[in-house]
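Trainee: Model the structure of this input:
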Amino acid sequence: MTYHAIVVADTHGTITQWNDGAERLFGHSAPEAVGRKLDLLVPERLREAHWAGFGRAMAHPKIKDLAADLPVLCADGTERLYAGRLLVLCDGLGAPLGAMAIYASEGSTGVRPFG
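Mentor: Below you'll find the predicted structure:
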């Protein structure tokens, strides 16, 4: 059975929402994750690139459909690939509110931007 992890962060990259699927996939409970930075999920080797891209997305939000197999740092310290979709969240006037990532527990997009 496929389930989905949904993680929402504000414009500063602080996690504001964490569903049961995120707990199952990544191993952190909602109380452990909410209020922490997205570094919780981003492998250390990718953090600089992640924050550069996140900053660009918040400064100049565009509606894009970005899906790829993304590396995620899990609670047990392992790095795993999950098919994920990244979305910039904006209000009706186009001002950024944050970002949302949706990951599937099974399957692949076939796109691996990080090798």
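Trainee: pLDDT averaged over stretch 7-15, what's the number?
Mentor: Per-residue pLDDT over stretch 7-15 has a mean of 98.
Trainee: Name the next helix or strand downstream of the helix or strand where Val8 lies, please.
Mentor: Element membership for Val8 (DSSP states H and E) is strand 4-10. Note on strand 4-10: by DSSP H and E, the next helix or strand toward the C-terminus is strand 15-18.
Trainee: now for that next one, which elements pack on it?
Mentor: With contacts taken as 3 or more C-beta pairs under 8 Å, 6 or more residues apart in numbering; DSSP states H and E, strand 15-18 sits against strand 4-10, helix 30-33. For every residue, glycine as well, the C-beta is placed using N, CA and C.
Trainee: Mind checking the pLDDT average for the last one?
Mentor: Looking back up the chat, that one is helix 30-33. For helix 30-33, the mean confidence score works out to 98.
Trainee: Export it to PDB, keeping only CA atoms.
Mentor: C-alpha atoms of helix 30-33 as PDB (Å, rounded to 0.1, in the frame of the first residue of the first chain):
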ATOM      1  CA  ALA A  30       5.100  15.400  14.300                       C
ATOM      2  CA  PRO A  31       6.100  16.900  17.700                       C
ATOM      3  CA  GLU A  32       9.800  16.200  16.800                       C
ATOM      4  CA  ALA A  33       9.500  17.700  13.400                       C
END
